[in-house]
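1. only the shape, not the letters, is given here:
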Ligand SMILES: [Zn+2]
Ligand SMILES: [Zn+2]
């Protein structure tokens, strides 16, 4: 099969022929129809993820068709259209037993713990736990965008932050996960303040329902700007980028008793202003993907047109465009979502 391969961290990847993957007894191989580019692919390519072994194939946001099924798989057949959460759970640890597959103790992640979906085919583990059926009316491009950023944002806004109508929600960083969070929070009835360095990203945020925008290239104190726009601070603030600066700005944006949700992945520990956390009784929450069993309510809102993940996709490109796009992700986290089509 054709796949995007890198031999060394931070060195150009290339598209080449590699052996097809084979399914584990509990797994499947999926023919990839669409696969999204995410900032965590860039982190992996840069060498920030200790779980990766070289040479490596990135890619973890995918939709496609089941091509091959392991002997122990019960619920899936060749020809089924599917997507997966980026955290593939084991189905048998204590976290999985509690329904918290998104923090599974023995999780695998395509594109990190094994070869990913920037390829014609990808192997996925524990298919009966992790696969999600994709109905005919949802395109593969849109379905691919659900597996990482959209689902992560959905869980962050609805399950972790429990955003209520009328609340102020600040979103720091308007790449794929941030724009998803803006859309989901606005649909939940919140008033959203979007924060980003890029005017193009802020334009997209407005289209996704942001009521206010803070151009971080024009102010040195985005937290103060959010507090002023919201009459004393947001009820909920998300760091959707994942950096020391955006994490601190998110915590600094909150009013008393506000909730910070860390959504953007952090390659290493960053300082959190705990003096503010204790003095204002803030809550600090993490959000790490979403379990497959939690997808149906989100898919219902997508089907009903309340949520429009299709609006976030700004480019669909052939797989040959992936190496350059991967390298460019660091310089510009980007506005909107780029999706590759390995079949083209
Ligand atoms: Zn991702
Ligand atoms: Zn588990």
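-> Yes, it's here. Model, not experiment: these values are computed from the prediction. Residues are numbered from 1 along each chain as shown. Ligands and ions are numbered 1, 2, ... in the order given.

2. mind listing the helices for the chain?
-> Assigned by DSSP state H, the helices in the chain fall at 39-46, 94-97, 127-130, 140-144, 151-154, 176-187, 199-207, 222-229, 244-252, 274-279, 295-303, 322-328.

3. who in this protein is up against ligand 1?
-> Residues of the chain lying near ligand 1 by CB under 5 Å from the ion: 38, 40, 148. To be clear about C-beta, it is placed using only N, CA and C from the backbone, and glycine gets the same treatment.

4. residues in contact with the second one?
-> Under the criterion of CB atoms under 8 Å, 6 or more residues apart in numbering, the neighbours of residue 40 are 49, 60, 86, 112, 148, 265.

5. put together JSON lines for these, with neighbour count on each row.
-> Below are the contacts of residue 40 laid out as JSON lines (neighbours: other CB atoms under 10 Å):
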{"residue": "49", "neighbour count": "20"}
{"residue": "60", "neighbour count": "27"}
{"residue": "86", "neighbour count": "26"}
{"residue": "112", "neighbour count": "23"}
{"residue": "148", "neighbour count": "29"}
{"residue": "265", "neighbour count": "16"}
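
6. so what's residue 77 up against?
-> Per CB under 8 Å, 6+ apart, neighbours of residue 77: 66, 69.

7. could you shift the numbering so residue one becomes 38, and keep it that way?
-> Sure, I'll start counting at 38 from here, so that last one is residue 114.

8. so what pLDDT did it get?
-> pLDDT, residue 114: 98.

9. what does residue 371 give?
-> On the pLDDT scale, residue 371 gets 60.

10. what does the domain assignment say about this structure?
-> 39-181+345-378, 187-323 (automatic domain parsing).

11. what's around the closest residue to residue 246 other than its chain neighbours, how many residues?
-> Spatial nearest neighbour of residue 246, excluding adjacent residues (CB to CB, 6 or more residues apart in numbering): residue 223 at 2.8 Å. Per other CB atoms under 10 Å, the neighbour tally for residue 223 reads 22.

12. who's in contact with residue 223?
-> 229, 245-248.

13. quick check: residues of the chain near ligand 2?
-> 126-127, 130, 133, 141.

14. same thing but 6 Å
-> 126-127, 129-130, 132-133, 141-143 (CB under 6 Å from the ion).

15. which of those has the most neighbours?
-> residue 126 (26 neighbours).

16. contacting residues around it?
-> 132-133, 138-139, 141, 143-144, 163, 166-167, 328-329.

17. the residue lying closest to residue 194 once chain neighbours are set aside and ligand 2, how far apart?
-> In space, not counting the residues next to it along the chain, residue 194 is nearest to residue 221; the distance is 4.6 Å by CB to CB, 6+ apart. Distance of residue 221 to ligand 2, computed by CB to the ion, to the nearest Å: 26 Å.

18. with pLDDT added, can I get the contacts of residue 77 in JSON lines?
-> Below are the contacts of residue 77 laid out as JSON lines (pLDDT from 0 to 100):
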{"residue": "86", "pLDDT": "89"}
{"residue": "97", "pLDDT": "96"}
{"residue": "123", "pLDDT": "93"}
{"residue": "149", "pLDDT": "96"}
{"residue": "185", "pLDDT": "88"}
{"residue": "302", "pLDDT": "86"}
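
19. which pair of these spans the longest distance?
-> Comparing all pairs in those by CB to CB, the longest separation belongs to 86 and 185, at 14.1 Å.

20. now residue 44: closest residue in space that isn't a chain neighbour?
-> For residue 44, the spatially nearest residue (CB to CB, 6+ apart) is residue 92, at 4.7 Å.

21. need the contact list for that neighbour.
-> For residue 92, the contacting residues are 42-44, by CB under 8 Å, 6+ apart.

22. what's the pLDDT at it?
-> Confidence at residue 92, expressed as pLDDT, is 97.

23. same thing with the one 3 residues further on?
-> Note for residue 95: predicted pLDDT of 98.

24. follow-up on the earlier one: buried deepest among the domains of the chain, which one?
-> Across those, the average number of neighbours (mean count of other CB atoms under 10 Å) peaks for domain 187-323, which reaches a mean of 21.

25. and the end-to-end length of it?
-> 15 Å (CA to CA, to the nearest Å).

26. so what's residue 168 up against?
-> 65, 103, 112-113, 117, 119-121, 161, 329.

27. now with 10 Å?
-> Contact analysis of residue 168 by CB atoms under 10 Å, 6 or more residues apart in numbering lists 64-65, 67, 103, 110, 112-113, 117, 119-122, 125, 161, 329.

28. likewise for residue 197?
-> 189, 273, 275, 296, 298-300, 320, 322-325.

29. of those residues, which pair is most distant in space?
-> It's 189 and 320 that sit farthest apart of these, by CB to CB, at 18.3 Å.

30. and for residue 337, the neighbour number?
-> 11.

31. now do the spatially most central residue of the chain against ligand 2, distance only.
-> Note on the chain: the residue nearest the mean C-alpha position is residue 186, at 2.0 Å, using CA atoms, centre = their mean. Look at residue 186 and ligand 2: by CB to the ion, they are 22 Å apart.
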